[in-house]
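*Asks:* sequence plus predicted model, see below.
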Amino acid sequence: MTPRTARTTIVVLVLLIAVAVGMGLHALWGRAQTTRQAVSPSPIGTADALQSAFVGVAERVRPAVVHVGTVQVARARRAPVVPGPLADDPFFKDFFDQFFGRRGPGPPEEFRQSGLGSGVIIDKRGFVLTNYHVVKGADAVTLRLSSKEEFRGKVIGSDAKTDLAVIRFEPNISLTVAALGNSDVLRVGEWAIAIGNPFGLDQTVTVGVISAVGRADVGIATYENFIQTDASINPGNSGGPLVNLRGEVVGINTAIVAAGQGIGFAIPANMVKRVISQLMDRGKVTRGWIGVSVQPLTPELAQSLGLKDTTGAVVARVYPDSPAAAAGLAQNDVVVGFDGTTVEDYHHLQRLSAEAEVGKSVSLEVVRKGEHKKVTLKIAEAPDSSSPAVR
């Protein structure tokens, strides 16, 4: 083979190899594009999947939501009755009062005031969770299920400080039970689905998002740590569930801001869990108490106390013969830690102390005159007669 022929052969081989490599790369690129198109969902597919998720949640949870109807009976004497043109004459008034009483003749009149709300079945034995304000003062409670069957219910436990109550009825059918989720992992912007009976319109489903978490100072209950949502909530929704896209109950719808629009509040599921077990077992809630009243740590107050930020709760008063008094807590102490948990604000300290086990010894981290101290005290049971400020 001549040198010229060898060079020609090499050039041809290089060209063939280049063509083969190019064809191989083109084939790989084509397969990658096909795979990418197959993996990337279309907008229509995404919308269908989201719609299916909402429909699935509604189908699973609605059977666990009940209509709560209440009746409160009030009795009053009849209005004074003095017939004829002499109705204003004192003599005739005294005459009728002697025979018929000052409120007129006849038996007392009965006034029946009805109310409505929502509830959610939390146990197959017939336990229904709702708001305290839905059943407060009720003489009779009726539960209507999604199947339209009605049952008489009985309030077996209530807690005004968290606005929760448990009703029980005797079911003769198999019940759908709602699952309580973990409200501590909620994120602002997540989807939220409210189910209830606004204005008596049973099994209504509305959709929104989680607008905020940890809302306090709303003025609804003693212990406030509300979830805020813009899912439409109206009168009659109270006591119904707020649900995530997994079909878990993350809150119990409780209140709205009447002057606003799209501002509703729900009690977090984790707070609910700590209350309902006690309501189901013994009809009331036992809470911990450390024996102080607390106030917000404002920027001005933090500066005057020599603190760099407003994290913590200021002790406004120490109650005599309380765990705090025995441990030596004093006015203007700033509690910044509770049994290893950083105290965010005075509402947080109230919740931590209330949720602590009675009889348990806990360690408080306190700032006093700029110095950090550790204080140990034993949790006592909160007195029934204590005011909301005493925790």
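*Replies:* Right, received. Where do you want to start?
*Asks:* going forward, measure contacts and count neighbours with C-alpha atoms only.
*Replies:* Will do.
*Asks:* the closest residue in space to residue 345 that isn't next to it in sequence: neighbour count?
*Replies:* Nearest residue to residue 345, sequence neighbours excluded (Cα to Cα, 6 or more residues apart in numbering): residue 312, at 4.8 Å. Residues lying near residue 312 (other Cα atoms under 10 Å) number 28.
*Asks:* likewise for residue 198?
*Replies:* 22.
*Asks:* about what we covered before: the residue nearest to residue 345 and residue 348, how far apart?
*Replies:* 9 Å (Cα to Cα, to the nearest Å).
*Asks:* surely residue 179 touches residue 244?
*Replies:* No. At 10.9 Å, residue 179 does not count as touching residue 244 under the criterion of Cα atoms under 8 Å.
*Asks:* circling back: and the residue nearest to residue 345, what is it in contact with?
*Replies:* 297, 334-337, 342-346 (Cα atoms under 8 Å, 6 or more residues apart in numbering).
*Asks:* please apply the same query to residue 189.
*Replies:* Residue 189 makes contacts with 209-211, as judged by Cα under 8 Å, 6+ apart.
*Asks:* picking up where we left off before, so residue 179 and residue 244 - more neighbours on which side?
*Replies:* residue 244 (23 against 18).
*Asks:* for the more buried one, which residues are in contact?
*Replies:* Contacts of residue 244 by Cα under 8 Å, 6+ apart are 190-193, 250.
*Asks:* name the member of the residues you listed with the most neighbours.
*Replies:* Neighbour max across the contacts of residue 244 (other Cα under 10 Å) = residue 250, 27 neighbours.
*Asks:* hmm, who's touching the helix or strand containing that residue?
*Replies:* If you go by DSSP states H and E, residue 250 is part of strand 249-256. Residues outside strand 249-256 that contact it (Cα under 8 Å, 6+ apart): 130-131, 163, 178-183, 194, 220, 227, 233-234, 237-244, 263-270, 272.
*Asks:* right, and residue 196 touches residue 240 too?
*Replies:* Yes. Taking contacts as Cα under 8 Å, residue 196 lies within contact range of residue 240: 5.0 Å.
*Asks:* next step: the contacts of residue 312 restricted to strands.
*Replies:* 334-337, 342 (DSSP state E).
*Asks:* relative to residue 55, which of those residues is nearest.
*Replies:* Taking Cα to Cα as the measure, residue 55 lies nearest residue 342 of these, at 40.6 Å.
*Asks:* residue contacts, the residue nearest to the closest one when sequence neighbours are not counted?
*Replies:* Leaving aside its chain neighbours, residue 342 sits nearest to residue 336 (6.0 Å; criterion: Cα to Cα, 6+ apart). Counting by Cα under 8 Å, 6+ apart, residue 336 touches 311-313, 342-344, 364-367.
*Asks:* quick check: residue 59 is in a helix.
*Replies:* Yes. Assignment of residue 59 by DSSP: H, G, I helix; E, B strand; the rest coil places it within a helix.
*Asks:* burial check on it, number of neighbours?
*Replies:* Residues near residue 59, counting by other Cα under 10 Å, number 12.
*Asks:* with residue 45 instead?
*Replies:* Counted with other Cα under 10 Å, residue 45 comes out at 11.
*Asks:* over to residue 332?
*Replies:* Around residue 332 there are 19 residues (other Cα under 10 Å).
*Asks:* that one contacts residue 314, correct?
*Replies:* Yes. When contacts are counted by Cα under 8 Å, residue 332 is listed as touching residue 314 (5.7 Å).
*Asks:* may I have the phi/psi pair for residue 233?
*Replies:* Dihedral pair for residue 233: phi -130, psi 130, per degrees, to the nearest 10.
*Asks:* got the contact list for the closest residue to it other than its chain neighbours?
*Replies:* In space, and not counting its chain neighbours, residue 233 is closest to residue 264: 6.2 Å by Cα to Cα, 6+ apart. Contact partners of residue 264, counting by Cα under 8 Å, 6+ apart, are 228-233, 253-257.
*Asks:* let's go with 6 Å and repeat that
*Replies:* Going by Cα atoms under 6 Å, 6 or more residues apart in numbering, residue 264 touches 228-229, 255-256.
*Asks:* so where do the helices sit in the stretch 201-350 of the chain?
*Replies:* 269-282, 299-304, 323-327, 346-355 (DSSP state H, counting those that start in this stretch).
*Asks:* can you tell which of these is closest to residue 159?
*Replies:* Among these, if distance is taken as Cα to Cα, the winner is helix 269-282, at 7.9 Å.
*Asks:* name the helices or strands packed onto the closest one?
*Replies:* On a contact count with 3 or more Cα pairs under 6 Å, 6 or more residues apart in numbering; DSSP states H and E, helix 269-282 meets no helix or strand.
*Asks:* try it again with 8 Å
*Replies:* Counting contacts by 3 or more Cα pairs under 8 Å, 6 or more residues apart in numbering; DSSP states H and E, helix 269-282 is packed against strand 150-159, strand 164-168, strand 249-256.
*Asks:* please consider this matter closed, and thank you.
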